[in-house]
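Would you be able to build a 3D model of this:
(2 chains)
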Amino acid sequence: EPEVTQTPSHQVTQMGQEVILRCVPISNHLYFYWYRQILGQKVEFLVSFYNNEISEKSEIFDDQFSVERPDGSNFTLKIRSTKLEDSAMYFCASREAGVYNEQFFGPGTRLTVL
Amino acid sequence: AQSVAQPEDQVNVAEGNPLTVKCTYSVSGNPYLFWYVQYPNRGLQFLLKYITGDNLVKGSYGFEAEFNKSQTSFHLKKPSALVSDSALYFCAVRPYNTDKLIFGTGTRLQVFP
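Residues are numbered from 1 along each chain as shown, chains lettered A, B, ... in the order given. Got it, this is the predicted structure:
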């Protein structure tokens, strides 16, 4: 069964450093998402992406964040200058075309900012 | 504000007994409702969804959920719990005018042998 994959599973970085989190969505999916979950808190929406552009973003997704689909398979989340409060589990998700279709999630990348 | 509430942090049930994990929501318009399950070190796995139609929806692994519009609830149920059902369960809503999911805080289900 096709799955969303994410790399790395755990990323440790120093405050102020740039990180790139990588995702490979399911191959025939057209809509892509990033969510995050700070330890002990809710899963929160960050951004949605379709047709090579951001379709929706949350208040969390400020200028420090960016997303890109550099080729036909990868979908990346970049944090330019990490802060301590960016420490969280980051989930990538994707779905097929069709407004009623569910999102499929990857296993997550745990980001630790020191 | 649009939100999802899962009032129980943890639900304990004996194997073979029925289980219910509660979820209520607050959104404008007709909601699209989802349940996901998270096992340790795994991503969120889709269980089932309600879009429209029959209020009782069936999903993976014998789970079902009942949509109740008047009570704005979407409780997850299973007639006979298994130890392997022990996991973290998330209810989510997708408001009709957006593509994002709004999640509840999650309920940890513990099924005892």
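
Next secondary structure after the one helix or strand A:Val67 maps to?
Per DSSP states H and E: A:Val67 is located in strand A:65-68. Going down the chain from strand A:65-68, the next helix or strand is strand A:75-79, by DSSP H and E.

And the strands in chain A?
Residue ranges of the strands in chain A, as given by DSSP state E, are A:5-7, A:10-13, A:19-24, A:31-37, A:43-50, A:53-57, A:65-68, A:75-79, A:88-95, A:104-105, A:109-113.

Chain A contacts on chain B?
Applying CB under 8 Å from any CB of the partner chain, we find that chain B lies next to chain A at B:32, B:34, B:36, B:41-46, B:49, B:51, B:90, B:92, B:98-106. Backbone N, C-alpha and C define where each C-beta goes, glycine included.

Can you tell me which of those residues are classed as buried?
Buried subset of the residues of chain B next to chain A (neighbour count, 16 or more other CB atoms under 10 Å in any protein chain shown): B:32, B:34, B:36, B:43-46, B:49, B:51, B:90, B:92, B:99-106.

What about those residues, which are in strands?
Judged by DSSP E, these include B:Tyr32, B:Phe34, B:Tyr36, B:Leu44, B:Gln45, B:Phe46, B:Lys49, B:Phe90, B:Ala92, B:Ile102, B:Phe103 as members of strands.

Excluding chain neighbours, what is closest to the last one?
The spatially closest residue to B:Phe103, leaving aside those adjacent along the chain, is A:Val43, at 4.2 Å (CB to CB, 6 or more residues apart in numbering or on different chains).

does that neighbour really touch A:Ser58, like I thought?
No: using CB atoms under 8 Å, A:Val43 is not in contact with A:Ser58; the gap is 11.8 Å.

neighbour-wise, which of those two wins?
A:Val43 (24 against 16; other CB atoms under 10 Å in any protein chain shown).

For that one, give me its contacts.
A:Val43 makes contact with A:Tyr35, A:Arg36, A:Gln37, A:Phe91, B:Leu44, B:Phe90, B:Ala92, B:Leu101, B:Phe103, B:Gly106, according to CB atoms under 8 Å, 6 or more residues apart in numbering or on different chains.

just A:Glu68 next, same as before
By CB under 8 Å, 6+ apart, the contact list for A:Glu68 reads A:Phe75, A:Thr76, A:Lys78.

how near is it to A:Asn28?
20 Å (CB to CB, to the nearest Å).

what's the answer for A:Leu21, then?
22 Å.

So those two - more neighbours on which side?
Using other CB under 10 Å as the criterion, A:Leu21 and A:Asn28 rank with A:Leu21 on top: 23 against 9.

Got phi/psi on B:Ser60?
Main-chain torsions, B:Ser60, degrees, to the nearest 10: phi -70, psi 160.

Tell me which residues touch it, please.
B:Gln45, B:Phe46, B:Leu47, B:Leu48.
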